[in-house]
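>>> Could you look at this predicted model? Sequence included:
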Amino acid sequence: QVQLVASGGGLVQAGGSLRLSCAASGRTFSSYAMGWFRQAPGKEREFVAAISWSGGDTYYADSVKGRFTISRDNAKNTVYLQMNSLKPEDTAVYYCAADKIPYRLGSRLGDFGSWGQGTQVTVSS
């Protein structure tokens, strides 16, 4: 089992930037793809971005493509989400999660588990 702790959220004006971090402990971090998801009030949790275990492959939701960048540092057991050009519709609790199966890059919400506690991102207009 892996434990995940997300941080870096906050209040920012539209057009601003934030960098989220997710620190992992427990099972071998470098063997698992990682993902970022978000959940706005009254809405279902949705996929934001994912990165393969090596960091060589990434993919994004269309709504954040070109604005957000996911990266990882396996030496630090940490995955990041750099968020630029933030919009009010990006307001949500952001969660990191690990793929349930090693050496797989999951593409669905159900492929991921070991959810962190979430960090609030609020973008004001």
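Okay, I see it.
>>> Okay, and the beta partners of the closest residue to Ser71 other than its chain neighbours?
Using C-beta to C-beta, 6 or more residues apart in numbering and skipping residues adjacent in sequence, the residue nearest Ser71 is Tyr80, 4.9 Å away. Any C-beta I mention is one placed from the backbone N, CA and C, and that applies to glycine too. The residues paired with Tyr80 through beta bridges, assigned by DSSP bridges, are Ser21, Ser71.
>>> Surely Tyr80 is in contact with Ala23?
No. Assessed by C-beta atoms under 8 Å, Tyr80 is found out of contact with Ala23, at 10.3 Å.
>>> Ala6 is in what secondary structure piece?
Counting by DSSP states H and E, the element that carries Ala6 is strand 2-7.
>>> Between Tyr80 and Ala23, which has more neighbouring residues?
Neighbour count, other C-beta atoms under 10 Å: between Tyr80 and Ala23, Tyr80 has more, with 20 against 16.
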